[in-house]
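K.L.:
I'd like to go over a predicted model; first the sequence, then the structure.
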Amino acid sequence: MTEEELKIKFDHIQGIFNRCINHANQVLTDSIAAKSVYLNKEQADKLEQQEYIRTADELVQLYIRYSVLNDIQSFYSVSDFFWESGFYESLKSDEKRKYMSFNPLSFDYSRYEQDNTVYDEELPYFSVVVKVVVLERYSAYLRKKKEDKVQVEMQPQQERKEPQPIQDEYQEPKIIPHIAKTENPFKSILNDRQIELLVECINEVEIFNAPMTFEDLKAILSCKPKVIFRSNNNRLVAFLFSELSNRGLITPNWQSVIANSRLFLTKNTKRDKYLNQGDLATATNYVKDLEHEKEYATIRNYIKQLKKL
């Protein structure tokens, strides 16, 4: 089997992982959001703390019991962790053969819903991998919510109350104050030629409500934007930044950087709401298995070209 054929096989299995993971993760995040509606701030904070501790404890037990999963800790946020992580390489020879001989078309999601372990014989550790990735992403979601709250509480009251100018569709960009308090918050290693290519990508796919210039994107990556762009599609925003992060071009904490720096507005034109970590986490979860669709494929193709520059 050639590497290309192997990658295709891995992608098909990854699609099965993604379907199971995305559904479970969405249930968890929706559940805690629904509960928080009926709680005051102190109660909601306590609930999130309890959930975080419970999740951390579960993960510890799983990693202790299944050493084959250890590499997942570093790749749970990657859209193709089955290919990128060392999980497959950690399997025994007979376990690897089972994955390679499995027919993805035979996967019946209704059977999986009835019993999450039903495919563990054909796909060794399948249910455990799903559980670990779901718990890791849920833990990251809770952690970022906490960080976001702490960041807001630390901001001076006056700074929180001052509205930033907003760039609405068809309006000229408006100047806003510099936000970043540290150099290179995104930990970007992108050079000018790569940034120019990203601008071309962003404008071709129309990720934002207005065309972006090289200077705009460079300022955004420094968290010192001269304008506030409104997202046309939160999922495309999430996919762009997650792909950059997956390739080590920006920090894995890009969601918190965007949220804390209030870089973009949500798609909803009826209210001026900045993209927060919850918005970005939800959008990121949705795009895990959409990489071959038109706009997402275009973004991925552009990003693949970056290493040549």
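P.N.:
Received it, and whenever you're ready, just let me know what you need. No experiment lies behind these values; they were computed from the predicted model shown.
K.L.:
Show me the helices in the stretch 151-300 of the chain, by range?
P.N.:
157-161, 192-205, 214-221, 234-246, 254-261, 277-286, 294-306 (DSSP state H, counting those that start in this stretch).
K.L.:
now residue 153: how far from residue 236?
P.N.:
Residue 153 sits at a distance of 31 Å from residue 236 (criterion: C-beta to C-beta, to the nearest Å). The C-beta positions use only the backbone N, C-alpha and C, and glycine is treated the same way.
K.L.:
nope, residue 121 is what I was after
P.N.:
39 Å.
K.L.:
the more surrounded of those two?
P.N.:
Comparing residue 121 with residue 236 by other C-beta atoms under 10 Å, the one with more neighbours is residue 236, at 22 against 9.
K.L.:
got the contact list for the closest residue to that one other than its chain neighbours?
P.N.:
Once flanking residues are discounted, residue 236 sits nearest to residue 207: 4.7 Å by C-beta to C-beta, 6 or more residues apart in numbering. Shown in contact with residue 207 (C-beta atoms under 8 Å, 6 or more residues apart in numbering): 231-233, 236-237, 240.
K.L.:
Mind doing that once more with 7 Å?
P.N.:
Shown in contact with residue 207 (C-beta atoms under 7 Å, 6 or more residues apart in numbering): 232-233, 236-237, 240.
K.L.:
out of those residues, who's nearest residue 281?
P.N.:
The closest of the contacts of residue 207 to residue 281 turns out to be residue 237 (C-beta to C-beta; 12.2 Å).
K.L.:
how deep is that closest one tucked in, by neighbour count?
P.N.:
26.
K.L.:
which residues touch it?
P.N.:
Residues in contact with residue 237 (C-beta under 7 Å, 6+ apart) are 207, 231, 264, 283.
K.L.:
change it to 8 Å
P.N.:
Per C-beta under 8 Å, 6+ apart, neighbours of residue 237: 207-208, 231, 264, 275, 280, 283.
K.L.:
Report the buried members of the residues you listed.
P.N.:
Buried members of these, scored by 16 or more other C-beta atoms under 10 Å, are 207-208, 231, 264, 275, 280, 283.
K.L.:
and which of those residues is nearest to residue 17?
P.N.:
The nearest member of those to residue 17, counting by C-beta to C-beta, is residue 283 at 19.0 Å.
K.L.:
ok, so what distance separates the closest residue to the closest one other than its chain neighbours from residue 258?
P.N.:
Using C-beta to C-beta, 6+ apart and skipping residues adjacent in sequence, the residue nearest residue 283 is residue 238, 3.7 Å away. Using C-beta to C-beta, we find residue 238 at a distance of 9 Å from residue 258.
K.L.:
Quick check: neighbours shared by those two?
P.N.:
Residues touching both residue 238 and residue 258 (C-beta under 8 Å, 6+ apart): residue 280.
K.L.:
Based on its surroundings, how many neighbours for residue 152?
P.N.:
By the criterion of other C-beta under 10 Å, residue 152 has 12 neighbours.
K.L.:
how about the residue nearest to residue 283, what does it touch?
P.N.:
When contacts are counted by C-beta under 8 Å, 6+ apart, residue 238 touches 280, 283-284, 286-287.
K.L.:
Now stretch 271-280: buried residues?
P.N.:
Neighbour counts over stretch 271-280 (16+ other C-beta under 10 Å) mark 274-280 as buried.
K.L.:
Past the helix ranked longest in the chain, which element shows up next along the chain?
P.N.:
The residue-count maximum for a helix in the chain (DSSP state H) belongs to helix 3-36. Sequence-wise, the next helix or strand downstream of helix 3-36 (DSSP states H and E) is helix 41-65.
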